[in-house]
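K.L.:
give the three-dimensional model of this entry:
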Amino acid sequence: MIRIHASFSEPVFRAVAGICRVLSIRHAEELSLLRAPEEKDKKKRKGPVLGTEDDFDLSGVVLPASAEQQPFRGMPAHFSDSPTTEACYRMLSVSWTGLSPEHVLKMPRPSNLMEKAQINSRWLSSSRSLMQQDVRENEQLWLRFKYYSFFDLEPKYDAVRITQLYEQARWAVLLEETESTEEEMMVFAALQYHINKLSLSADPTEPAGEQGLDDLDSALSNLQVKLEGGTSTSDMLENLTTIPELKDYLRIFRPRKLTLKGYKQYWVVFKETSISYYKSREEALGEPVQQLSLKGCEVVPDVNVSGQKFCIKLLVPSPEGMSEVYLRCEDEQQYARWMAGCRLAAKGRTMADSTYQSEVQNILSFLQLQRASPDAPVAPDAEAIGTQWLGSPRYQKKFKPKQLTPRILEAHQNVAQLSLTEAKMRFIQAWQSLPDFGISYFVVRFKGSRKDEILGIANNRLIRIDLGVGDMVKTWRYSNMRQWNVNWDIRQVAIEFDEHINVAFSCVSARCNIVHEYIGGYIFLSTRSTDKGRGLDEELFYKLTGGHEAL
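P.N.:
Okay, here's the model as predicted:
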């Protein structure tokens with residue numbers, strides 16, 4: 001817990017920017033403040049909320065006048081003023097290793113979508129000041145990544161940002177805010193174990209490796225990315241004329257009511273953003289059995305590496321809602337190519353996109369982490385590696401510590417060579433690959449409906465979800481959005497999409513200005529530029545997120 005001065009009269013957006021500057025967190029626009037949850041059956045507090053032994057007081061920190069803060073002794077200069085501030089920097093940039101089963105069990109854990117939605121009702125409005133929102137002096141607030149759109153993560157400059165993002169990801173996995181399979185949980189547990197080991201001896205003030213060589217490697221890597229980006233005229237012309245295609249035999253399954261039919265093999269052609277499948281390769285010149293347009297669809301992995309199951313679940317928009325289609329691949333390589341293509345097609349992009357190959361490699365890397373290692377060492381005592389807090393409560397109940405320990409150590413063999421920063425980045429990337437990643441939930445009632453439903457807000461789309469069973473009913477992409485507005489009198493959000501599609505809903509679990517701010521915030525973040533000389537357009541943020549504050 002940190003005591004810090006924050007602007008009481010300026011908008012929260014600007015106050016968060018000031019807090020992040022003190023904490024050395026870049027891209028403050030991704031974060032915001034939310035109220036701490038009320039403790040059940042708590043007694044009335046006397047005196048200030050803060051003031052425990054683990055508090056760090058940064059209220060007296062004076063920042064340099066320059067926008068860029070020069071490091072001193074391996075850390076931002078204002079953290080080197082005293083042993084206390086140095087300890088605070090270590091706490092911010094090195095992961096906490098004192099976690100215990102009691103910590104995990106005491107944390108509030110959402111058990112359903114309704115409880116997940118309640119979390120998002122506590123966000124403060126970014127367009128209004130702390131004073132306008134009745135925040136008291138010494139009141140405890142949480143600083144969290146609100147928008148799941150992480151821009152320009154750079155280990156050289158983002159030690160605190162990466163660590164805090166890792167901590168948020170770790171708690172999202174442990175508390176099952178983001179669900180994962182058993183194999184995925186073992187990967188997360190192994191990465192936590194590795195990060196915990198390295199953090200015990202880590203010194204955040206010491207740069208890793210030869211700094212000059214690191215900078216050179218980084219520059220060459222960035223140059224390679226730029227060259228692979230196809231920015232030259234010849235590359236652009238080639239991309240226009242030779243869009244890669246995938247053609248192969250896959251097994252396809254379309255769940256239907258009152259049918260027990262399973263997977264059936266088809267010749268499948270993936271061209272641009274559509275998939276067509278035929279009864280055989282020879283019939284590919286004729287009409288397909290069916291053609292699926294993947295624009296706007298949901299792409300969900302359904303994988304069990306040990307069981308050699310590599311499936312892609314597609315939820316394709318249809319007049320009746322979302323139509324399910326399963327593609328089953330033969331092996332990891334085939335799965336990675338088709339999954340990467342499906343993810344891009346869902347965003348309206350083809351396999352000519354410069355990110356296709358990196359997406360394939362990211363998928364293969366995550367699958368590699370889940371593969372069992374034959375060289376796993378003999379398991380030590382379960383308490384020695386702390387298996388009680390490396391997995392979520394659901395898996396703690398399912399397995400005894402003696403069962404978990406060898407599986408975690410087996411998975412650890414695949415990550416044992418990673419540095420501390422690499423392990424945190426790999427954890428964040430694995431978190432980002434989960435189907436539920438980056439979805440913020442709200443209970444709403446759609447216009448014309450008689451029951452409450454869930455609205456999921458992600459960085460590129462809105463999702464209508466059945467509250468009872470959790471199934472996705474419909475998705476709408478921001479790229480197809482024409483306009484949106486809020487009727488503050490009846491607290492209703494109305495959105496117009498292409499093809500004269502209109503969506504309207506009233507907010508049940510949170511104020512409608514929070515939903516309005518989420519949508520506008522993601523659209524604002526999509527306008528960010530890699531040009532470091534171009535600052536954020538604060539007025540545009542308020543225009544997209546503020547609206548009429550009559551609440």
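K.L.:
hey, let's count contacts and neighbours off CA atoms from now on
P.N.:
Fine.
K.L.:
just for the stretch 301-450 of the chain, where's the confidence low?
P.N.:
The model of the stretch 301-450 of the chain has pLDDT under 70 over residues 319-320, 373-388.
K.L.:
would you map the strands across the stretch 101-250 of the chain?
P.N.:
Shown for the stretch 101-250 of the chain, the strands assigned by DSSP state E, counting those that start in this stretch span residues 141-145, 245-253.
K.L.:
could these be laid out in TSV, adding distance to Glu282, mean pLDDT and mean neighbour count?
P.N.:
Shown next, in TSV, are those (distance: least, CA to CA, whole Å; pLDDT from 0 to 100; neighbours: other CA atoms under 10 Å):
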stretch	distance to Glu282	mean pLDDT	mean neighbour count
strand 141-145	52	96	16
strand 245-253	12	95	17
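K.L.:
how about those strands, which one is nearest Arg426?
P.N.:
Shortest distance between Arg426 and the strands of the stretch 101-250 of the chain, using CA to CA, is found for strand 141-145: 18.0 Å.
K.L.:
next, format the strands of the stretch 101-250 of the chain as TSV and append distance to Leu174.
P.N.:
Output for the strands of the stretch 101-250 of the chain, formatted as TSV (distance: least, CA to CA, whole Å):
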stretch	distance to Leu174
strand 141-145	17
strand 245-253	33
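K.L.:
right, and those strands - which one's nearest Gly521?
P.N.:
strand 141-145 (12.3 Å).
K.L.:
list the neighbouring strands of that closest one plus their orientation.
P.N.:
Strand pairing for strand 141-145, using DSSP bridges, gives strand 31-35 (antiparallel).
K.L.:
picking up where we left off before, the strands of the stretch 101-250 of the chain: which one's closest to Tyr326?
P.N.:
Closest of the strands of the stretch 101-250 of the chain to Tyr326 is strand 245-253, at 5.0 Å (criterion: CA to CA).
K.L.:
show me what the closest one is packed up against.
P.N.:
strand 264-271, strand 321-329 (3 or more CA pairs under 8 Å, 6 or more residues apart in numbering; DSSP states H and E).
K.L.:
list of residues touching that strand?
P.N.:
Here strand 245-253 makes contact (CA atoms under 8 Å, 6 or more residues apart in numbering) with 262-272, 325-330, 338, 351.
K.L.:
each with direction, which strands does that strand pair with?
P.N.:
Partners of strand 245-253 in its sheet, by DSSP bridges: strand 264-271 (antiparallel), strand 321-329 (antiparallel).
K.L.:
Tyr395: which of the strands of the stretch 101-250 of the chain is closest?
P.N.:
So among the strands of the stretch 101-250 of the chain, strand 141-145 is nearest, using CA to CA, at 26.2 Å.
K.L.:
spell out which residues make up each domain of this protein.
P.N.:
Here the domain parsing of the chain from automatic domain parsing is 230-353, 440-545.
K.L.:
can I get those domains in JSON lines with distance to Arg144?
P.N.:
Output for the domains of the chain, formatted as JSON lines (distance: least, CA to CA, whole Å):
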{"stretch": "domain 230-353", "distance to Arg144": "26"}
{"stretch": "domain 440-545", "distance to Arg144": "13"}
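K.L.:
circling back: so can I have a markdown table of the helices and strands packed on strand 245-253 showing mean neighbour count and distance to Asp452?
P.N.:
Below are the helices and strands packed on strand 245-253 laid out as a markdown table (neighbours: other CA atoms under 10 Å; distance: least, CA to CA, whole Å):
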| stretch | mean neighbour count | distance to Asp452 |
| --- | --- | --- |
| strand 264-271 | 19 | 38 |
| strand 321-329 | 19 | 17 |
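K.L.:
follow-up on the earlier one: looking at the strands paired with strand 245-253, which is closest to Arg26?
P.N.:
Distance to Arg26, taken as CA to CA, is lowest for strand 321-329 among these, at 38.5 Å.
K.L.:
with just CA atoms, put the closest one into PDB.
P.N.:
Provided in PDB are the C-alpha atoms of strand 321-329 (Å, rounded to 0.1, in the frame of the first residue of the first chain):
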ATOM      1  CA  GLY A 321     -27.400 -15.300 -33.000                       C
ATOM      2  CA  MET A 322     -24.000 -17.000 -32.900                       C
ATOM      3  CA  SER A 323     -23.600 -20.200 -34.900                       C
ATOM      4  CA  GLU A 324     -21.000 -22.700 -33.600                       C
ATOM      5  CA  VAL A 325     -18.500 -24.400 -35.800                       C
ATOM      6  CA  TYR A 326     -15.500 -26.500 -34.600                       C
ATOM      7  CA  LEU A 327     -12.400 -27.000 -36.700                       C
ATOM      8  CA  ARG A 328     -10.200 -29.900 -35.600                       C
ATOM      9  CA  CYS A 329      -6.500 -29.800 -36.700                       C
END
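K.L.:
which residues does that strand contact?
P.N.:
Strand 321-329 is contacted by residues 250-255, 309-317, 335, 472-474 when judged by CA under 8 Å, 6+ apart.
K.L.:
quick check: buried residues in whatever helix or strand comes next after that strand?
P.N.:
Sequence order places helix 332-346 as the next helix or strand after strand 321-329, per DSSP states H and E. For helix 332-346, a neighbour-count test (16 or more other CA atoms under 10 Å) marks 332, 334-346 as buried.
K.L.:
would Ser479 count as being in a helix?
P.N.:
Yes - according to DSSP: H, G, I helix; E, B strand; the rest coil, the state of Ser479 is that of a helix.
K.L.:
ok, for it, nearest residue in space, not its chain neighbours?
P.N.:
Asn460 (7.6 Å; CA to CA, 6 or more residues apart in numbering).
K.L.:
ramachandran angles for that neighbour?
P.N.:
phi -140, psi 0 (degrees, to the nearest 10).
K.L.:
hmm, Tyr478 and it touching each other?
P.N.:
Yes - counting by CA atoms under 8 Å, Asn460 does reach Tyr478; the two are 5.6 Å apart.
K.L.:
what mean pLDDT does the helix or strand Ala17 falls within get?
P.N.:
Element membership of Ala17, judged by DSSP H and E, is helix 12-23. The average pLDDT within helix 12-23 is 94.
K.L.:
show me how far that helix is from its chain's centre.
P.N.:
Offset of helix 12-23 from its chain centre (CA atoms, centre = their mean, to the nearest Å): 22 Å.
K.L.:
okay, Phe270 and Arg251: tell me how far apart.
P.N.:
According to CA to CA, to the nearest Å, Phe270 and Arg251 sit 14 Å apart.
K.L.:
same check on Val493?
P.N.:
42 Å.
K.L.:
report the buried residues of stretch 157-177.
P.N.:
158-167, 169-177.
K.L.:
with stretch 414-432 instead?
P.N.:
Buried residues in stretch 414-432, defined by neighbour count with 16+ other CA under 10 Å: 414-415, 418, 420-421, 423-431.
K.L.:
among the residues you listed, which lie within helices?
P.N.:
Leu420, Thr421, Ala423, Lys424, Met425, Arg426, Phe427, Ile428, Gln429, Ala430, Trp431 (DSSP state H).
K.L.:
these into JSON lines, with extra columns for distance to Trp484?
P.N.:
Shown next, in JSON lines, are those (distance: CA to CA, whole Å):
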{"residue": "Leu420", "distance to Trp484": "43"}
{"residue": "Thr421", "distance to Trp484": "40"}
{"residue": "Ala423", "distance to Trp484": "40"}
{"residue": "Lys424", "distance to Trp484": "37"}
{"residue": "Met425", "distance to Trp484": "35"}
{"residue": "Arg426", "distance to Trp484": "37"}
{"residue": "Phe427", "distance to Trp484": "35"}
{"residue": "Ile428", "distance to Trp484": "32"}
{"residue": "Gln429", "distance to Trp484": "32"}
{"residue": "Ala430", "distance to Trp484": "33"}
{"residue": "Trp431", "distance to Trp484": "31"}
